[in-house]
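Asks: Return atomic coordinates for the entry below.
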Amino acid sequence: MPVTVADFQENINHYLQLASEQDVFIMQDGKIIARLTQPQQDRVSVAKSLFGVLPQKTTWEEAMEERANSL
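Replies: Below is the predicted model:
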């Protein structure tokens with residue numbers, strides 16, 4: 001759920017409670033600057049969702065180089 005910084009500041013308790021159920025994206029000037037996530041998030045399912053993102057033939061060095069170029 002995207003919210004503005006001003007709205008988040010005014011209703012911080014509401015969004016902290018909401019973050020236990022879903023991700024809350026805090027936006028400033030139309031850009032996401034922070035994300036509140038569930039503390040009990042199942043890390044195994046999150047990791048499994050990333051499998052297959054990179055092609056099979058990608059090497060570790062290529063992945064690191066691509067990451068460095070994107071920063």
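
Asks: And residue 59, how close does it get to residue 66?
Replies: Going from residue 59 to residue 66 by C-beta to C-beta, to the nearest Å gives 11 Å. In short, each C-beta sits where N, CA and C put it, glycine included.

Asks: in this protein, which residue is closest to the centre?
Replies: Against the mean C-alpha coordinate of the chain, by C-alpha atoms, centre = their mean, the closest residue is residue 35 at 5.9 Å.

Asks: a strand runs through that one, doesn't it?
Replies: Yes: counting by DSSP: H, G, I helix; E, B strand; the rest coil, residue 35 is located in a strand.

Asks: what's the nearest residue to it if we skip its chain neighbours?
Replies: Among residues not flanking residue 35 along the chain, residue 25 sits closest, at 5.4 Å (C-beta to C-beta, 6 or more residues apart in numbering).

Asks: The one you found: how many residues sit nearby?
Replies: For residue 25, the neighbour count with other C-beta atoms under 10 Å is 14.

Asks: Over to it: give its phi and psi.
Replies: Per-residue torsions, residue 25: phi -100, psi 120 (degrees, to the nearest 10).

Asks: Kindly report the same for the one 3 residues further on.
Replies: Here the main-chain torsion angles of residue 28 (degrees, to the nearest 10) amount to phi -140, psi 130.

Asks: Now do the same contact list for the nearest residue to it once chain neighbours are set aside.
Replies: Of all residues not flanking residue 28 in the chain, residue 5 sits nearest, at 4.8 Å (C-beta to C-beta, 6+ apart). With contact taken as C-beta atoms under 8 Å, 6 or more residues apart in numbering, residue 5 is in contact with 26-28, 33.

Asks: quick one, what contacts the residue nearest to residue 35?
Replies: Residue 25 neighbours (C-beta under 8 Å, 6+ apart): 1-3, 32, 34-35.
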